[in-house]
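1. please find the sequence and the predicted model below.
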Amino acid sequence: MAARGRLRIYLGAAPGVGKTYAMLREGRRLRDQGTDVVVGFAEPHGRRLTAAMAEGLETLPRRTMLHREARFTEMDLDALLARAPQVALVDELAHTNVPGSRNAKRWQDVEELLDAGIDVVTTLNVQHLESLNDVVEQITGVRQRERLPDEVARRADQIELVDLPPEVLRRRLTHGDIYPADRIEAALTHYFRVGNLTALRELALLWLADRVEEGLQRYRAEHGIAAPWETRERILVGLTGGTEGETLVRRAARITARTPGSELLALHVVPGDALAGGDPAALAGQRSLVESLGGSYHQTTGDDVVQALLEFARAENVTQIVLGASRRGRFSSLLREGVGRRTILASGPIDVHIVTHEAAAGSTAPGPPRRSRRHGIGRARAWLTLAGAAVALTALTFALTALRDRLGLSGDLLLYLFVVVVTALVGGLWPALVTAVAAGLLADYYCTVPRHSLAVARLGDVLALAVFVAVACLVGTAAGTAARRTYEASRATSEARALGRLATAMMHGEDLPALVEQIRENFGLMAVSFLERDAASGARPRWFVVASAGPRPPERPYDADVECPVDDALTLAARGHGLSADDRRILAACAAQLGVAYAQGALSRQAAETGTLAAAERSRTSVLVAAVRDLRACLDAAAAALTPPAGDTGPGTRALASARTAVARAGQLVTDLDDLARLHAGALDLHLRPVDVGEALTTALDDLGPGGHTIRLSLPEELPDVIADAALLTRVFTALAADALRHGPAGRSPALTAEVLADRLAVCLADGADGPGPVPADRAGSLPLRLSRDLAEAMGGTLETTTAPGFAVTLTLPTAAHGRR
């Protein structure tokens, strides 16, 4: 299988900066170096210099396509794949292909070229990026219909900015180097205003700077560079969820404001449990404050707050950290240094600011509630606890041997019991049981008579040792069970809190990338992608990134370290450290919620599209009704003007009669259009009741005049009544009979037959032809037949057409007896 090709994008802030010219110039350079280069598609837009640059390069002919009776040219993807050059030049990456093409978008054509191992050089304007579309519309007042998902551009191997100052670009426009002369004045006063061009240029530079930053972070990660590179100032403020949070955020924002181009980040480290969180209300308010100041809020997990804080800071290339002064008192600080002090000692080249606040040590201001740091008791922790218990028992035994006969056996056993209880609380059940048995043996060997023997001389000592071992085992069991259940309760609370935060974000309407970023931060993962499988990819599945977060997110499930399938088409893929079974279970629940959010978004978009189509249909119907009303008035006036004088039978009178007949037919067509529009709009009244079919047929044939009596009838002796609207049923019979008379073969009369079925009546009207014969292609879809079909369906019946032999129409309606049941 060929290696995937490389994608290079020439990015511009506006049309005319020279993207296509730069692409063709690069193609010439590669060709001169011996590379096989082919122009798949290049659009010079009538610019002489661009067209001249394309000369001499092999260019594939375009594919001509027909759409709505107009001819368009598109890139011939099949010919380009068959040619298989080393490098393909493809202009306008965000272009929308003509309907009927293999792919809807040109970037999907480029993906096929890349999958085939062909390098692609292409062009893109910043206003076509999906994430910037609304911003560009706000700046320029023009909504771009052709949009490119940012993920496609972010996957490019190289992005090069083609830049021109606004004044130079306007000068080129004035000289006719961009648009024809008749468009220059309008362009200068609208899209190409200096303010617009400056804003678009800034958008392009900032977007590209973010991509450069991603590349720098990727390089540092790949080369194991942990020390921050001060390419620009990044200020990180640590939040605990306490009342001092707003003070710290504002202080960090002031530091950020002093350095242009700097970035503000806020981080909350969840201590203890991998999914626990701070006070939700306080953190939500602090997050809103950070975002209102132009910063970004993050959340990560870690048993050691300082280590997690510094790992995040180094990963994000942070240059300064802002922390609040410690809440710990002097005695607590002597036992263990605070977060601020330990951060300063371990920060290395990162500057650390310690900010005083009202909730610092010595203040009575309330702080966030302390959380239990108790974790699930794993095997490693149990063994470490057991080792600690062995050291404690040894030290205690030496101490009791030195104090022999001063405490007595009861005092010795109480001290041993204390070690057992501590072991149970820290290490769980089985380390406590082992410690209890070991303590009993040590007490027997060193504290009972005879010394240094497991034999016990006094019956009271035997009873005391037995009771001690039993009590120690019971207390250890109870303490271990309590610790385990406390952890399980904490875990359940944390799980509910994590899922609740995600559900709250969904209720607030946050988009999928924000939800994926929240999942990444909650679980401390490096990168997360929400992937969708292409249903038409067959045995070799193709995956599309619906949303992603973090550097180098996985683009396929098998590129990930952790995968949580949602269904056959959706999956959540993540890169980073391994997760425990509990964390995987919660991640799967979060993935399921993402799937629900994605489905709801799809339904919302579909509902919006349906609403738009319905509004357009209502508008079209109202316009049609108004047009029909005006046209009918004109036809009525024309018919009145064509009425011949009484008693006049000359040639002119016959001509007027023919014209009047044509006008009457046109009037009938207008009436049909009006009824069809009213029927679709639900404004046509229906009065369903039992109707005599014979009477309806007689009325319809009489309305046709002499031609109606030429129709051959073959009806059963007893025709049941049908459930229908009498006037509309007569209208249907009249329209069908008139259509048969108009299109039937000369010399043959149409035939009308009826057949009584179980609970329905079928009336068939054939045009009288003996064989298939030539039938107009559009006869089945003509206006009279379409109106008759819609009216029949509105009355609960059906209308079907057949073409062998001849052309026949069958109308089926429910009988009255069936309708009354």
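-> Thanks, I have the structure now.
2. residue contacts, residue 75?
-> Residues near residue 75 by C-beta atoms under 8 Å, 6 or more residues apart in numbering: 40-41, 60, 62-63, 90, 106, 109. For glycine as for every other residue, the C-beta is placed from the backbone atoms N, C-alpha and C.
3. does the closest residue in space to residue 697 that isn't next to it in sequence sit in a helix or strand, and which one?
-> Spatial nearest neighbour of residue 697, excluding adjacent residues (C-beta to C-beta, 6 or more residues apart in numbering): residue 733 at 5.8 Å. Here residue 733, judged by DSSP states H and E, is contained in helix 726-743.
4. with residue 477 instead?
-> Per DSSP H and E: residue 477 is located in helix 459-507.
5. after that helix, next one along is what?
-> Counting by DSSP H and E, the next helix or strand C-terminal to helix 459-507 is helix 512-523.
6. gap between that next one and the chain center?
-> 13 Å (C-alpha atoms, centre = their mean, to the nearest Å).
7. now whichever helix or strand comes after it - C-alpha only, CSV.
-> On the C-terminal side of helix 512-523, the nearest following helix or strand under DSSP H and E is strand 527-533. This file holds the C-alpha atoms of strand 527-533, laid out as CSV (Å, rounded to 0.1, in the frame of the first residue of the first chain):
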residue,chain,number,x,y,z
ALA,A,527,-5.8,14.0,22.8
VAL,A,528,-9.4,12.8,22.2
SER,A,529,-11.3,12.4,18.9
PHE,A,530,-15.0,11.7,18.2
LEU,A,531,-15.0,9.6,15.0
GLU,A,532,-17.7,8.7,12.6
ARG,A,533,-17.4,5.8,10.1
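8. tell me the angle of strand 527-533 relative to helix 512-523?
-> 130 degrees (axes from the mean of the first three to the mean of the last three C-alpha atoms, to 10 degrees).
9. name the strands paired with strand 527-533 and say parallel or antiparallel.
-> strand 543-549 (antiparallel), strand 570-575 (antiparallel) (DSSP bridges).
10. buried residues of that strand, list them for me.
-> The neighbour-count check on strand 527-533 (16 or more other C-beta atoms under 10 Å) flags 527-533 as buried.
11. residues contacting it, please?
-> For strand 527-533, contacts defined as C-beta under 8 Å, 6+ apart pick out 512, 516-517, 519-520, 541-557, 560, 568-576, 591, 594, 598.
12. again, only this time at 6 Å
-> Contact with strand 527-533 is made by 516, 519-520, 541, 543-554, 569-575, 594, as judged by C-beta atoms under 6 Å, 6 or more residues apart in numbering.
13. for that strand, what is the average pLDDT?
-> Across strand 527-533, pLDDT averages out at 89.
14. now do stretch 742-760
-> Rounded to a whole number, the mean pLDDT of stretch 742-760 is 84.
15. contacting residues around that stretch?
-> Stretch 742-760 has contacts (C-beta under 6 Å, 6+ apart) with 710-715, 740, 762-769, 812, 814-815, 818.
16. would you mind measuring the gap between the ends of it?
-> Stretch 742-760 has an end-to-end distance of 28 Å (criterion: C-alpha to C-alpha, to the nearest Å).
17. the helix or strand where residue 20 lies: how far from the chain's middle?
-> Under the criterion of DSSP H and E, residue 20 resides in helix 19-32. In terms of C-alpha atoms, centre = their mean, the centre of helix 19-32 is found 36 Å from the chain centre.
18. next one: residue 726 from residue 255, what distance?
-> Residue 726 sits at a distance of 85 Å from residue 255 (criterion: C-beta to C-beta, to the nearest Å).
19. flag every buried residue along stretch 189-208.
-> By neighbour count with 16+ other C-beta under 10 Å, stretch 189-208 contains the buried residues 191-193, 196-197, 199-201, 203-204, 207-208.
20. ok, stretch 255-265 next?
-> 255-256, 263-265.
21. got the end-to-end distance for that stretch?
-> End-to-end span of stretch 255-265 (C-alpha to C-alpha): 12 Å.
22. distance between that stretch and the chain's centre?
-> So, by C-alpha atoms, centre = their mean, the centroid of stretch 255-265 is 32 Å from its chain's centroid.
23. who touches the residue nearest to residue 211 when sequence neighbours are not counted in this structure?
-> Excluding its sequence neighbours, the residue lying closest to residue 211 (C-beta to C-beta, 6+ apart) is residue 159, at 5.8 Å. Neighbouring residues of residue 159 by C-beta under 6 Å, 6+ apart: 9, 11, 211.
24. does anything pack onto the helix holding residue 20? Which helices or strands?
-> When contacts are defined as 3 or more C-beta pairs under 6 Å, 6 or more residues apart in numbering; DSSP states H and E, helix 19-32 packs onto strand 7-12, strand 37-41, helix 48-54, strand 87-90, strand 119-125.
25. what mean pLDDT does it have?
-> Across helix 19-32, the average pLDDT comes to 92.
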